[in-house]
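[1] how does the following fold in three dimensions:
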Amino acid sequence: MTEVISVHFRNGCKTYYFDPQGIEVPTGEQVIVETAAGNEFATCVEGNHMVPDQQVVKPLRPLIRLATENDRRTDAYNRSREKEAFAICEKKIAAHKLEMKLIRVESNFDGSKIIFFFTAEGRVDFRELVKDLAGVFRSRIELRQVGVRDEAKMVGGLGICGRPLCCSQFLENFMPVSIKMAKTQNLSLNPTKISGTCGRLMCCLKYEQNAYEDAAKRMPKNDSFVNTPDGPGNVCSVDLLQEEVKVRLDETPESPRRYKACELQILRNGKGSREGIEIPAQRPARFVRPEPERDDFFSASFDFVEQPLEPAPAEQPGEEKRERSSRRRSRGGRGRSKDGSKRETSALQENRESSKQAEAKVERIPIKASGDLTAEKKAAADRRFSSEQRGEKKSQEKRQAKAASHQPARADGAEKPEKAPGEGSGSRRRRRPRRRRSGGNGGPQTAPKSED
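    All right, here's what the predicted structure looks like:
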């Protein structure tokens, strides 16, 4: 066994072992380690632990020191330098008219070397580009061409499942994926559905491939000739996840039925003819689904002991009277005991206590008394009386004006004298000429002329 620490470099998923040199390194601590390219800044993902000697690649590189504040400032400066180098390199690529796509720029810890990662469809002659970049940065320049899978790992993104790409999260190495895996898992062979963001087959096809291969060994192939509890037939489809198959029976070929793998007796696995195949008279047993297990609380058995009911004791007449009187007192709310003292029921007492508590909680707001209340009431009554008088006077004036507008004016222009009260009963009224209706003789009648 060897004591090591596990570290990750920047934006990397692969774990590397280093010799801690007797230093206790906590998880998540930033460290400086020795690599083939020089000293590098890394993060410890697992502290001091023991691993078998077979897992260690000799020679084991040592840990130099825990990262200091000065080391962190140097790493931050390198990150800012990488952004400037990325922008400058893109301008140089456009100036040289090279068919390449710049992906990422990395600088080592001491700044002596800068690595440029790019993708291209074919080989690119970038010798002049390297000379220009070396003249600008005054350091060693290295250009590396990577594939589309490495590009997706460096750039990152979201897959069609809605989660971050597996290669940028936890995959240490790329696994070989083939179209045969999609066929084994009965997936659609549409490239847009089984391809990832990089344009290659999705890495997640490899995750369940072993489980599908194991299930395929126990299940019959398509078009196999099998015997079922309902008779012989041919397999038309296989569901590896649920380990069920659809069988087209010879008796009812138009309506296939589903069976579990344990209900089938394989007579011929795969395509072929039925000649020479004997169908056994005894059919396989039908699969019985087990009942779901219940929780301990519900599955516990309770023993109920039946006990005979005892007859209720006969009530005495005196007890019945006392019960009736107590009911009456509870309805009325109050009653009198033998000694004449008043008593209240428990319900009334609780109501009173709750009302007292509510009154205690209510905040009393003081009201300021305003002068003499009697004088205010008298003034209000006077105002109402004066307003009523004004209203009656106005209505009387309106009636008089209306009556005056209907009276005819005199010839001499004199106003008509007002009549004294009681005078109108004995005086003769002047009749106005009017047109009378026709009488009984049918001729028109006129009013008699007044003598002057």
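
[2] the domain parsing of the chain - what is it?
    2-67, 78-146, 152-213, 219-268 (automatic domain parsing).

[3] between those domains, which one is nearest to Lys393?
    domain 152-213 (87.4 Å; C-beta to C-beta). Using the backbone N, CA and C atoms, a C-beta is placed for each residue, glycine as well.

[4] and of the domains of the chain, who's closest to Arg286?
    Of all the domains of the chain, the one in closest proximity to Arg286, counting by C-beta to C-beta, is domain 219-268 (4.5 Å).

[5] picking that back up, include distance to Pro290, mean neighbour count and mean pLDDT when you put the domains of the chain into TSV, please.
    Formatted as TSV, these follow (distance: least, C-beta to C-beta, whole Å; neighbours: other C-beta atoms under 10 Å; pLDDT from 0 to 100):
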stretch	distance to Pro290	mean neighbour count	mean pLDDT
domain 2-67	43	15	85
domain 78-146	54	15	89
domain 152-213	23	14	87
domain 219-268	12	16	88
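
[6] need those in CSV with distance to Ala401, can you?
    As requested, the domains of the chain are exported to CSV (distance: least, C-beta to C-beta, whole Å):
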stretch, distance to Ala401
domain 2-67, 102
domain 78-146, 98
domain 152-213, 89
domain 219-268, 103
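
[7] between these, which gets nearest to Ala380?
    Nearest to Ala380 among the domains of the chain is domain 152-213; the distance by C-beta to C-beta comes to 77.2 Å.

[8] returning to that earlier point: closest to Ser387 out of the domains of the chain?
    Going by C-beta to C-beta, the one of the domains of the chain nearest Ser387 is domain 152-213, 79.0 Å.

[9] for that closest one, measure first residue to last.
    Start and end residues of domain 152-213 are separated by 29 Å (C-alpha to C-alpha, to the nearest Å).

[10] cool, stretch 163-172 as well?
    18 Å.

[11] who touches that stretch?
    11, 13-15, 149, 152-159, 174, 196-197, 203-204 (C-beta atoms under 8 Å, 6 or more residues apart in numbering).

[12] now do stretch 257-277
    218-230, 232, 243-247, 249, 279-280, 283-287.

[13] out of the domains of the chain, nearest to Glu392?
    Comparing the domains of the chain by C-beta to C-beta, domain 152-213 comes nearest, at 85.9 Å.

[14] what lines up beside the longest strand along the chain in the sheet?
    The longest strand of the chain (DSSP state E) is strand 38-51. Here strand 38-51 has these sheet partners by DSSP bridges: strand 2-8 (antiparallel), strand 30-35 (antiparallel).

[15] what sits opposite the closest residue to Gly147 other than its chain neighbours in the beta ladder?
    In space, and not counting its chain neighbours, Gly147 is closest to Thr119: 7.2 Å by C-beta to C-beta, 6 or more residues apart in numbering. Beta bridges link Thr119 to Lys101, judged by DSSP bridges.

[16] do you know how far Thr119 is from Val33?
    Distance, Thr119 to Val33, using C-beta to C-beta, to the nearest Å: 29 Å.

[17] and for Ala152?
    Distance, Ala152 to Val33, using C-beta to C-beta: 27 Å.

[18] same check, this time on Glu84
    Distance of Glu84 to Val33, given as C-beta to C-beta: 26 Å.

[19] same check, this time on His49
    For His49 relative to Val33 (C-beta to C-beta), the value is 16 Å.

[20] how about Leu187, phi and psi?
    Note on Leu187: backbone dihedrals following degrees, to the nearest 10 are phi -90, psi 160.

[21] mind listing what's buried in the lengthiest helix in the chain?
    Assignment by DSSP state H gives helix 373-406 as the longest helix of the chain. By 16 or more other C-beta atoms under 10 Å, helix 373-406 has no buried positions at all.

[22] packing partners of it?
    Of the remaining helices and strands, none touches helix 373-406 by 3 or more C-beta pairs under 8 Å, 6 or more residues apart in numbering; DSSP states H and E.

[23] out of the strands paired with strand 38-51, the one nearest Leu66 is which?
    Distance to Leu66, taken as C-beta to C-beta, is lowest for strand 30-35 among the strands paired with strand 38-51, at 5.7 Å.

[24] contacting residues around the closest one?
    5, 7, 18, 25, 39-44, 61-67, 71-72, 109.
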